[in-house]
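Colleague: Quick one, what's the 3D model for this:
(one chain, ligands or ions: 1)
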Amino acid sequence: MLNEVSSFVLPDKPVEECGVFGIYTPGLEVAKVTYYGLYALQHRGQESAGIAVADGRQVQLHKGMGLVPEVFTGNSLDQLTGHAAIGHVRYSTTGSSQPLNAQPLVFRYAKGMMGLAHNGNLTNITELRAQLCATGSVFQSSTDSEVLVNLIARYNANSLEEALMKCMIDVKGAYSLVIISEDCVYAARDPHGFRPLCLGQLGEGYVVASESCALTTVGATFVRDVAPGEILRLDRKGVTSTQGFRAQNPAHCIFEYIYFARPDSTMDSFNVNRVRREMGRQLAREYPVEADIVIPVPDSGTAAARGYAEESGIPFEEGLMKNRYIGRTFIQPTQQLREIAVRLKLNPVREVLEGKRVVMVDDSIVRGTTSQKIVAMLRAAGAKEVHLCVSSPPVMRSCYYGIDTSDEKELIAAKQPLEEICKAINADGLHYLSLEGLLEIFSSKGGHFCTACFDGRYPVEIPKPREAGKFSLE
Ligand code: AMP
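Modeller: Sure, this is the predicted structure:
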């Protein structure tokens, strides 16, 4: 265990809101399978992508900034040959968009080569980095992952499993990891199971991924979720499981179901589309509104809007069209062009909206900017009334476990009461799903979730506020 602490402090950012993939399947083109797996996880991160492949002798890496097909061009995949691979897509967060933070990280150390990719946020990263620096470690990036790599390298006396187990004693917070050595792949999930991670079977081998949509995309059969605190080793013998750290109270991230995950994924026994639909139904029971149509804010509000329509009997309509070709490179508009820019992304359908009392369903309100713009857009397109129904409780607190929630100071629900938010976004009515109503949806199978962004009940101690004036790598 490390114990010496210096006053070296890093910023809370970057937030590791990402997707990971891993495969061990001899006889398959593992780099290409990983490419498709990452493509299916693209919604989890658009800033950078990378794949590391092992062939029994070495670990080769290709990574870069951009979307998966932008990073892997030409013959880059053909050169990544081997029987095992890991991959990563990384989310874009302000101030941290640097090539150095792209993953997987691949290192040489006393035992050979290792690659690591990580989804989640460690909460004691500042202390760990300080301890490592005090004993001579150097860092290139500002990622949690580099701290993990350093710890594993220090602890790997006998086996990577043993090193990971020691590492799991030191690190606190959220992590779903994939690690590659020259000849096998490991996967590990933190003891609370904050971020999702599942196992699938593909041909003679096995695959792990952040979400099951990536397993089914590559033709793998879902086997099970990786258990909280579990370490899996994928190699020529198949899968070996070790309980790396005693499982704690499960605290699966509820926001994955609300917004982040893809609807065709099933995580910890709950299908995302089904859950979202139930959220809409519950919302309709809690807040019946007299209206002519129910419309979603596509795509994140679509399943809940369907649920609301089903439960209320009000017709479901598509009143907003989403332009699916607006990518990461979308130029931030000047003030003058802002209205056009908003309509470029979401365009109202006048023929659907004109003269109608509209229930608009969205998954969440964070700062309130989106809702304000969309309500104005619906009114301009002739809607008579706009009632905003939100399929989550008010987001009141920051997430420290891997979801990029804004600073608490920017969260509209933390600053203003409901009536004022309703006024600020100029809606005729505003309704949030209750936390009890949300949890009720999961109660049948006894799910246990982290709801800290709604109620401030943090399952793992959160980092201390940043100390001003201390050294930063960003
Ligand atoms: P805002 O304008 O800040 O209120 O943003 C709310 C919208 O952003 C909602 O419609 C959500 O679909 C989406 N959203 C919620 N959480 C996140 C997140 N962590 N990252 C990006 N978008 C989000």
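Colleague: which parts of the stretch 151-300 of the chain sit against the ligand?
Modeller: Counting by Cβ under 6 Å from any ligand atom, the residues of the stretch 151-300 of the chain close to the ligand are 259, 297, 300. Heads up, the C-betas are built off the backbone N, CA and C, glycines and all.
Colleague: Out of those residues, which sit inside helices?
Modeller: Taking DSSP state H, every one of those sits outside helices.
Colleague: Going by distance to residue 249, which of those residues wins?
Modeller: Nearest to residue 249 among those: residue 259, at 23.2 Å, using Cβ to Cβ.
Colleague: residues in contact with the closest one?
Modeller: By Cβ atoms under 8 Å, 6 or more residues apart in numbering, the residues touching residue 259 are 300, 363, 364, 392.
Colleague: re the thing from before, of the residues of the stretch 151-300 of the chain next to the ligand, closest to residue 229?
Modeller: Distance to residue 229 across those (Cβ to Cβ) is lowest for residue 259, with 26.0 Å.
Colleague: how about the nearest residue to the closest one, chain neighbours excluded?
Modeller: The shortest distance from residue 259 to any non-neighbouring residue, by Cβ to Cβ, 6 or more residues apart in numbering, is to residue 363 (4.8 Å).
Colleague: doesn't residue 392 make contact with that neighbour?
Modeller: Yes - shown here, residue 363 and residue 392 form a contact pair, counting by Cβ atoms under 8 Å, at 6.1 Å.
Colleague: Overlap of the contact sets of the two?
Modeller: 258, 259.
Colleague: Next up, the contacts around the nearest residue to residue 322 once chain neighbours are set aside.
Modeller: Nearest residue to residue 322 in three dimensions, chain neighbours excluded: residue 298, at 4.2 Å (Cβ to Cβ, 6+ apart). Going by Cβ under 8 Å, 6+ apart, residue 298 touches 318, 320, 321, 322, 346.
Colleague: Separate out the buried members of these.
Modeller: Buried members of these, counted by 16 or more other Cβ atoms under 10 Å: 320, 322, 346.
Colleague: thinking residue 55 is in contact with residue 83, fair?
Modeller: Yes - between residue 55 and residue 83 there is a contact under Cβ under 8 Å: 6.6 Å.
Colleague: Give the burial count for residue 290, as a bare number.
Modeller: Per other Cβ atoms under 10 Å, the neighbour tally for residue 290 reads 11.
Colleague: Also residue 407?
Modeller: Number of residues near residue 407 (other Cβ under 10 Å) recorded here: 10.
Colleague: From residue 212, how far off is it?
Modeller: 32 Å (Cβ to Cβ, to the nearest Å).
Colleague: Equivalent analysis for residue 83, please.
Modeller: Distance of residue 83 to residue 212, computed by Cβ to Cβ: 23 Å.
Colleague: do residue 358 as well
Modeller: Separation of residue 358 from residue 212 (Cβ to Cβ) stands at 34 Å.
Colleague: Tell me which of the two has more neighbours.
Modeller: Set residue 358 next to residue 212 and count neighbours by other Cβ under 10 Å: residue 358 wins out with 28 against 24.
Colleague: ok, that one touching residue 296?
Modeller: No - between residue 358 and residue 296 there is no contact under Cβ under 8 Å: 11.1 Å.
Colleague: before we move on, back to that, with respect to the ligand, which of the buried ones among the contacts of residue 298 is nearest?
Modeller: residue 346 (10.1 Å; Cβ to the nearest ligand atom).
Colleague: Residues in a beta bridge with the closest one, which ones?
Modeller: residue 322 (DSSP bridges).
Colleague: Check which helices and strands the lowest-mean-pLDDT helix or strand in the chain is in contact with.
Modeller: Least confident helix or strand of the chain, by mean pLDDT, DSSP states H and E, is helix 338-345 with a mean of 75. If contacts are counted by 3 or more Cβ pairs under 8 Å, 6 or more residues apart in numbering; DSSP states H and E, helix 338-345 sits against helix 369-380.
Colleague: any idea how far the ligand is from the nearest residue to residue 205 once chain neighbours are set aside?
Modeller: Leaving out its chain neighbours, the residue that sits closest to residue 205 by Cβ to Cβ, 6+ apart is residue 25, at 2.9 Å. Residue 25 sits 33 Å away from the ligand, going by Cβ to the nearest ligand atom, to the nearest Å.
Colleague: and residue 25, how many neighbours?
Modeller: If you count neighbours by other Cβ under 10 Å, residue 25 ends up with 22.
Colleague: a helix runs through residue 444, doesn't it?
Modeller: Yes - in this structure, residue 444 lies within a helix as judged by DSSP: H, G, I helix; E, B strand; the rest coil.
Colleague: Name all residues that make contact with the nearest residue to residue 364 once chain neighbours are set aside.
Modeller: The shortest distance from residue 364 to any non-neighbouring residue, by Cβ to Cβ, 6+ apart, is to residue 392 (4.7 Å). Going by Cβ under 8 Å, 6+ apart, residue 392 touches 255, 258, 259, 279, 363, 364, 432, 433, 438, 454.
Colleague: Which member of the residues you listed is positioned nearest residue 73?
Modeller: Closest to residue 73 out of those is residue 259 (30.4 Å), distances taken as Cβ to Cβ.
Colleague: Read off the pLDDT value for the closest one.
Modeller: The pLDDT attached to residue 259 in the predicted structure is 95.
Colleague: Also the one 3 residues further on?
Modeller: Here, the pLDDT recorded for residue 262 equals 96.
Colleague: which residue packs closest to it, ignoring adjacent ones?
Modeller: Per Cβ to Cβ, 6+ apart, closest to residue 262 is residue 213, 4.6 Å.
Colleague: Noted, bye for now.
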